[in-house]
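Asks: My questions concern the predicted model and sequence given below.
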Amino acid sequence: MSKNGADSRLLEELEKKSIAIIREANAQFKNPAVLWSTGKDSTATIWLCKKAFFGRIPFPVIHIDTGSKFREIYNFRDQLAKEWNLNLMIAKNSEAIRRGISPEKDRFECCTELKTKALKSLLEKEKFDALILAIRRDEHGIRAKERYYSPRDDNFQWNYKDQPAEMWDLYVKPSEDFSHMRIHPILHWTELNVWQYVKQERLPVNPLYFAKSGKRYRSLGCEPCTVPISSNASTVDEIVQELEKSKSPERAGRAQDKEKAYMMQKLRSLGYM
Amino acid sequence: MRLGKINLVIIGHKDHGKSTLVGRLLHDSKAVLAQKMREVEAEVKKTGDEGFRFAFLLDTLEEERKGALTIDIMHTPFKTKKNLYTIIDCPGHREFIKKMFTGASQADAAVLVVSAEEGIRDQTKQHAFLIRTLGIQQFIVALNKIDAVEYDETRFVEIRDQLVPILKSLEYENSPIVPVSALTGENVFQKQKRMQWYKGLSLVETLDAVVKPSAPPVDKPLRGCVQDIYEINGERIIICKILTGILTEGKIIRFDPLGEKGRVRKIQVFGKGIDRAGPGDSVGLSVDGIRGVERGEVISYPRRRASVVESFVAEIILLSDITMEKGDVLAIRCGTAEKKCEVRRILEKIDAINLTVDAKFPDSLKGGDVGKLLLSPIEQMSIERFSEFPELGRFVVEGKKGTVAAGIVLEIQPIDKN
């Protein structure tokens, strides 16, 4: 089998499993929603949702706006939301932004206030009982501990020490004990898989991923805390090729990952993505 | 050539070196990026414990690194010339049986790690038994820490001879037993230099030789389960996940336990029409001639139809702190269905450590126990033998706070129904 043939067979397998997980979540939960950062992973995930439901996503798409996202993210978001007819909801902690919370003072507090708390408020207001997120195991050690279905308790926290059993594909059921369930349909995909899928499906890509003056973003966060990498890849094909040879991890340019040991772990246990 | 994909679970008693072995496999196969290795080495220098260097690759939780104890599972892949192995490391501590099960339930093959220093301990036997109960047939033993016993052949033979009858009682009599040192790397990837007496293959060579990826069950009779019903442009679409066999457009299928029959007019996958669907496919069906179906129904062809049962015998593992008694009504999830079943009788309590029948017809089972039950559905239920249709022959029992037990169907007593 040619390499392309093998790749497309692999993507098909990955896709099938993800779609089954998304459909299962929709069947089991009364009020789900999907998170979208406009990055490649979450764009691929909402595309999977469109496929799962034959064109129209029957639940809201949430964008967490910290006020410090790149301009390109806002543009991309608004355009694609219109094109794909998404029911877009914005989660924003305006009060904290007004107070002047910023990463210069304390990155942990900033992520918590502007992202985690913003999400938490929207969840409580809209009473979502399940959130679909585009995280993957290979992104970060702590995300690798995640399950396809992962509950959050009443305090929005992740009890990673005592996760419920997840046997086969009989995923955790909704329960009053949980504030909501996190659903991770692309947990088993790698960074390369996502780009190969983007290429195969011809998905729209945020221009920040493409090189300008020898630099591009491999992972998209907020502007103050995201560092570009040296690269000349300016198309999806070039990105795929670059990745196939890459020796450094995807989130190397993300400050909260480096901050202190276990910061991601602490953030995530408090309800971060 | 396409690499076989294999999910591998590593089991064994606490501190026999599971995490170190996994770390070694990842390191030597260059599955771990150099930067990651440097980060881990920096962390390890702080704690000062060189020995745990490899284990730290997997132990990313703060608690794990400080306590040198793997709390939860993680999926980490490594490649050989033949296969892509996704390792599901498993915690060995007694409290973590529930977590071990989550990992093991995804595995195609298991590697049991036994310390040559300590020898066979309780969880060595218990884990092997539990893996067997989950139906995993491909099994290899890694006799680890062979460096700690000076690569001594006598010690290897001593433990091997103790292992053989245990493996035989679990129907793992052909399982290879491979001496290794995860710490020094001896015989993990590379053949031995310090064990001239050992004439077999290294651990990885053994894996490549012995373990086969699971093939999709296209030749089995058709089975699928209804996940949901969508209304798209005024048309009712039945969302179904195919588990075994091939579903072909135009054929007549049945829905059980309801008993409805209809013709498959159209099969859609993600918006495009196709004429057939196979194992793993989640499809949308337009079916003529049926009045109404629900989530949970099992589809099959009439000629080799799905079973609707009066009762069934299951081997069950209690994952939580619960008690199970005759007369209890359990909420059982199998496929996409959830049905209430009564415990007609507890047939056996099995001692998972000594691998014997502890008691016949005991009054109850409690948390951590393994037993055999006779169950009767209170509502109509379609379920199959695990040996024939694994996806429809395995189930979980739901308690107030999630899964409390997991089970495998050994025997079914079908209702004779048209």
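Replies: In hand now; what should we look at?
Asks: Helices of chain B, start to end?
Replies: B:18-28, B:34-47, B:55-58, B:62-67, B:97-104, B:122-133, B:153-169, B:203-210 (DSSP state H).
Asks: Could you export the longest one as PDB, CA atoms only?
Replies: Backbone C-alpha positions of helix B:153-169 (Å, rounded to 0.1, in the frame of the first residue of the first chain) are rendered in PDB as follows:
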ATOM      1  CA  GLU B 153      20.300 -18.700  35.400                       C
ATOM      2  CA  THR B 154      19.300 -20.700  38.500                       C
ATOM      3  CA  ARG B 155      17.100 -18.000  39.800                       C
ATOM      4  CA  PHE B 156      15.500 -17.600  36.400                       C
ATOM      5  CA  VAL B 157      14.700 -21.300  36.200                       C
ATOM      6  CA  GLU B 158      13.400 -21.300  39.800                       C
ATOM      7  CA  ILE B 159      10.800 -18.500  39.100                       C
ATOM      8  CA  ARG B 160      10.000 -19.900  35.600                       C
ATOM      9  CA  ASP B 161       9.200 -23.200  37.200                       C
ATOM     10  CA  GLN B 162       6.800 -21.500  39.600                       C
ATOM     11  CA  LEU B 163       5.200 -19.600  36.900                       C
ATOM     12  CA  VAL B 164       4.500 -22.400  34.500                       C
ATOM     13  CA  PRO B 165       1.700 -24.100  36.500                       C
ATOM     14  CA  ILE B 166       0.100 -20.700  37.100                       C
ATOM     15  CA  LEU B 167       0.200 -19.800  33.400                       C
ATOM     16  CA  LYS B 168      -1.200 -23.200  32.600                       C
ATOM     17  CA  SER B 169      -4.200 -22.800  34.900                       C
END
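Asks: do you know how far B:Asp228 is from B:Pro221?
Replies: Relative to B:Pro221, B:Asp228 is positioned 24 Å away (criterion: C-beta to C-beta, to the nearest Å). Using the backbone N, CA and C atoms, a C-beta is placed for each residue, glycine as well.
Asks: out of those two, which sits in the more crowded spot?
Replies: Neighbour count, other C-beta atoms under 10 Å in any protein chain shown: between B:Asp228 and B:Pro221, B:Asp228 has more, with 20 against 16.
Asks: Contacts only, for that one.
Replies: By C-beta atoms under 8 Å, 6 or more residues apart in numbering or on different chains, B:Asp228 lies in contact with A:Arg23, A:Asn26, A:Ala27, B:Ile239, B:Arg295.
Asks: ok, the fourth one - how many residues close by?
Replies: In this case it means B:Ile239. For B:Ile239, the neighbour count with other C-beta under 10 Å is 26.
Asks: what sits against it?
Replies: By C-beta under 8 Å, 6+ apart, the contact set of B:Ile239 is A:Arg23, A:Ala27, B:Val226, B:Gln227, B:Asp228, B:Ile229, B:Tyr230, B:Ser282, B:Val283, B:Gly284, B:Leu285.
Asks: how about the strands in the stretch 251-400 of chain B?
Replies: B:252-256, B:260-269, B:272-274, B:276-277, B:282-288, B:298-300, B:309-318, B:323-325, B:329-334, B:337-351, B:356-360, B:364-366, B:370-377, B:394-399 (DSSP state E, counting those that start in this stretch).
Asks: among the ones you listed, which is nearest A:Thr116?
Replies: In terms of C-beta to C-beta, the element of those nearest to A:Thr116 is strand B:394-399, at 30.0 Å.
Asks: List the buried residues of that closest one.
Replies: By neighbour count on 16 or more other C-beta atoms under 10 Å in any protein chain shown, the buried set for strand B:394-399 is B:Arg394, B:Phe395, B:Val396, B:Val397, B:Glu398.
Asks: can you tell me which residues contact the third one?
Replies: For B:Val396, the contacting residues are A:Ala165, A:Met167, A:Leu170, B:Ile332, B:Arg333, B:Thr403, B:Ala405, B:Ala406, B:Gly407, by C-beta under 8 Å, 6+ apart.
Asks: Just flag the most distant two among these.
Replies: Greatest spatial distance among the contacts of B:Val396 (C-beta to C-beta): A:Ala165 and B:Ile332, at 14.7 Å.
Asks: Can you pull the poorly scored residue ranges out of the stretch 301-418 of chain B?
Replies: Applying pLDDT under 70 to the stretch 301-418 of chain B picks out residues B:352-355, B:417-418.
Asks: Go again with 90.
Replies: B:315-322, B:350-360, B:366-371, B:386-388, B:390-391, B:399-404, B:406-408, B:410, B:416-418 (pLDDT under 90).
Asks: Ok, the stretch 1-150 of chain B next?
Replies: For the stretch 1-150 of chain B, applying pLDDT under 90 flags the ranges B:1-5, B:7-82, B:84, B:86-108, B:122-137.
Asks: Out of the buried residues of strand B:394-399, which is nearest to B:Asp161?
Replies: B:Arg394 (34.2 Å).
Asks: The closest one: what's it in contact with?
Replies: B:Arg394 neighbours (C-beta under 8 Å, 6+ apart): A:Met167, A:Trp168, B:Gly135, B:Cys334, B:Phe386, B:Ala406, B:Gly407, B:Ile408, B:Val409.
Asks: Quick check: the residue nearest to the spatial centre of chain B vs chain A, distance?
Replies: When C-alpha atoms, centre = their mean is applied to chain B, the residue found nearest the centroid is B:Ser105 (2.3 Å). Taking C-beta to the nearest C-beta, to the nearest Å as the measure, B:Ser105 and chain A are separated by 5 Å.
Asks: For A:Ser42, which three-state class applies?
Replies: helix (DSSP: H, G, I helix; E, B strand; the rest coil).
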